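Q: sequence first, then the predicted structure:
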Amino acid sequence: MADSAQAQKLVYLVTGGCGFLGEHVVRMLLQQEPRLRELRIFDLHLGPWLEELKTGPVQVTAIQGDVTQAHEVAAAVAGAHVVIHTAGLVDVFGRASPETIHEVNVQGTKNVIEACVQTGTQFLVYTSSMEVVGPNIKGHPFYRGNEDTPYEAVHRHPYPSSKARAEQLVLEANGRKVRGGLPLVTCALRPTGIYGEGHQIMRDIYYQGLRLGGRLFRAIPASVEHGRVYVGNVAWMHVLVARELQQRPALMGGQVYFCYDKSPYKSYEDFNMEFLGPCGLRLVGTRPLLPYWLLMLLAALNALLQWLLRPLLLYAPLLNPYTLAMANTTFTVSTNKAQRHFGYEPLFSWEESRTRTIRWMQAMDSSAQ
Ligand SMILES: NC(=O)C1=CN([C@@H]2O[C@H](COP(=O)(O)OP(=O)(O)OC[C@H]3O[C@@H](n4cnc5c(N)ncnc54)[C@H](O)[C@@H]3O)[C@@H](O)[C@H]2O)C=CC1
Ligand SMILES: CC(C)CCC[C@@H](C)[C@H]1CC[C@H]2[C@@H]3[C@H](O)CC4=CC(=O)CC[C@]4(C)[C@H]3CC[C@]12C
């Protein structure tokens, strides 16, 4: 008892802890980080599921706050040993303005960095994205690349631009002196497209398929590979990187790591069918049903409609020029940098990741009926 009381001494803060990834990070920390004394969960919207966590041995503190408000961030960070900054505005559908995306993703990250410096927090893990690399606007493929693969990263869309700028700020902050004189140690994790329990886009595509009579129509050639990674493994990587950053600051400080696991390389649609298929949906066509030029036209039309309707309503379909380019450009990673630097191995096999995701979708399905 005395031993475990002594061992439980660390305070962690997870920003965005009620989001899709954030919730998995929170639950993973509670399961896998025995040195945890207090876990602070900071989010704009707090989830009701937090209540059930408050009965465990770790003190769980829910903080409703906004990363764009420097004073709220500083108050949450004060006294924390480690910050895992997952909060962000994930919008590639034109729901939010470019200014708002920048404010949350860039200014929010600046506020987190400054809060660490001012209050003396030494370890900061940032959830970046594959999108800081690509796909770029020229549609160049990134085929099974790693952290050192040369690639022309060119951003125009507000989301990847904001993630790239925020990642740069986090990496540049590595080594800054925090209050008390110790150096800040930072690193960034770059997930590819995350899937798993709680994935909103998968849910949307599933309901779209149901509306279309249980069918989805192939839009992208099966040969275009899109990188995907299971949310449980992304969460595990966050827990491990946060722990090991404290042990190996010289090696890991200022580094970026792609998030990867054993999920197969497939096209975006074929990959989704691994889960949607067992839920009764069918992907129609071995080749795209519409020619690419027509899809581009439809995507452009959607963008025009979004602009025209904006004063009246928010029209934000899945298909727009940006999402089409994303889905239609090969972007996959093949790396072992996380394994080499901090001993990462996926916690969940592909079979388990798949089963868990299917189980979640089937439960969603039965609760909807
Ligand atoms: N979903 C994906 O496929 C990928 C996501 N990422 C990154 O992972 C992180 C988490 O993404 P998801 O969990 O998918 O998104 P999400 O939208 O489910 O979670 C983001 C969380 O941040 C919170 N948040 C947003 N604005 C905030 C603000 N101003 N102040 C405080 N909290 C705020 C939201 O309330 C939400 O709970 C993001 O930084 C995203 O850029 C990176 C790669 C892929
Ligand atoms: C109807 C179209 C032909 C298919 C649309 C699919 C798109 C909605 C998705 C294709 C690729 C996705 C993105 C990708 O996985 C990388 C991402 C990384 C992030 O950091 C956030 C999410 C996302 C932008 C993801 C969003 C949905 C797609 C664009």
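A: Received it, and whenever you're ready, just let me know what you need. Ligands and ions are numbered 1, 2, ... in the order given.
Q: sketch out the strands for the stretch 1-150 of the chain, chain order is fine.
A: Secondary structure of the stretch 1-150 of the chain by DSSP state E, counting those that start in this stretch: the strands cover 10-15, 36-43, 59-64, 82-85, 123-127, 142-145.
Q: a markdown table please, covering the ones you listed and showing distance to residue 347, mean neighbour count and mean pLDDT.
A: C-beta coordinates here come from the backbone N, C-alpha and C atoms, glycine included. Formatted as a markdown table, these follow (distance: least, Cβ to Cβ, whole Å; neighbours: other Cβ atoms under 10 Å; pLDDT from 0 to 100):
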| stretch | distance to residue 347 | mean neighbour count | mean pLDDT |
| --- | --- | --- | --- |
| strand 10-15 | 18 | 26 | 98 |
| strand 36-43 | 17 | 22 | 98 |
| strand 59-64 | 22 | 16 | 97 |
| strand 82-85 | 17 | 27 | 98 |
| strand 123-127 | 17 | 28 | 98 |
| strand 142-145 | 22 | 18 | 96 |
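Q: where are the low-confidence patches of this structure?
A: Applying pLDDT under 70 to the chain flags the ranges 1-8, 365-369.
Q: what values do phi and psi take at the closest residue to ligand 2 within it?
A: Nearest residue of the chain to ligand 2, counting by Cβ to the nearest ligand atom: residue 193, 2.5 Å away. For residue 193, the backbone dihedrals (degrees, to the nearest 10) come out as phi -60, psi 120.
Q: got a list of what it touches?
A: 130, 226-229, 268 (Cβ atoms under 8 Å, 6 or more residues apart in numbering).
Q: and for residue 55?
A: For residue 55, no contacting residues are found, by Cβ under 8 Å, 6+ apart.
Q: residue 334 contacts residue 144, doesn't it?
A: Yes. With contact defined as Cβ atoms under 8 Å, residue 334 counts as touching residue 144 (3.7 Å).
Q: turn the strands of the stretch 1-150 of the chain into TSV, columns for distance to residue 282.
A: Shown next, in TSV, are those (distance: least, Cβ to Cβ, whole Å):
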stretch	distance to residue 282
strand 10-15	39
strand 36-43	37
strand 59-64	42
strand 82-85	39
strand 123-127	34
strand 142-145	29
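Q: could I get those as TSV with distance to ligand 1?
A: Shown next, in TSV, are the strands of the stretch 1-150 of the chain (distance: least, Cβ to the nearest ligand atom, whole Å):
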stretch	distance to ligand 1
strand 10-15	6
strand 36-43	5
strand 59-64	9
strand 82-85	8
strand 123-127	4
strand 142-145	15
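Q: so which of those strands comes closest to residue 312?
A: If you check each of the strands of the stretch 1-150 of the chain against residue 312 by Cβ to Cβ, strand 36-43 wins as the nearest, at 30.5 Å.
Q: still on that earlier bit, for the contacts of residue 193, which one is nearest residue 254?
A: Nearest to residue 254 out of these is residue 130 (Cβ to Cβ; 19.0 Å).
Q: give me the residue from the stretch 1-150 of the chain nearest ligand 1.
A: For the stretch 1-150 of the chain, Cβ to the nearest ligand atom, closest residue to ligand 1: residue 19, 2.0 Å.
Q: who's in contact with that residue?
A: Applying Cβ under 8 Å, 6+ apart to residue 19 gives the contacts 43, 86-87.
Q: what's the answer for residue 291, then?
A: Counting by Cβ under 8 Å, 6+ apart, residue 291 makes contact with nothing.
Q: helices and strands around the helix or strand where residue 305 lies, which ones?
A: Residue 305 belongs to helix 292-309 when assigned by DSSP states H and E. For helix 292-309, the elements it packs on are helix 321-327, judged by 3 or more Cβ pairs under 8 Å, 6 or more residues apart in numbering; DSSP states H and E.
Q: the helix it packs on: what's the following helix or strand?
A: strand 331-333.
Q: quick check: residues of this structure near ligand 1?
A: Listed as neighbours of ligand 1 in the chain under the rule Cβ under 6 Å from any ligand atom: 16, 18-22, 43-45, 66-68, 86-90, 104, 108, 127, 129, 163, 191, 193-194.
Q: correct me, but residue 248 touches residue 341?
A: Yes. Between residue 248 and residue 341 a contact is recorded at 7.3 Å, counting by Cβ under 8 Å.
Q: fine by me, we can end here.
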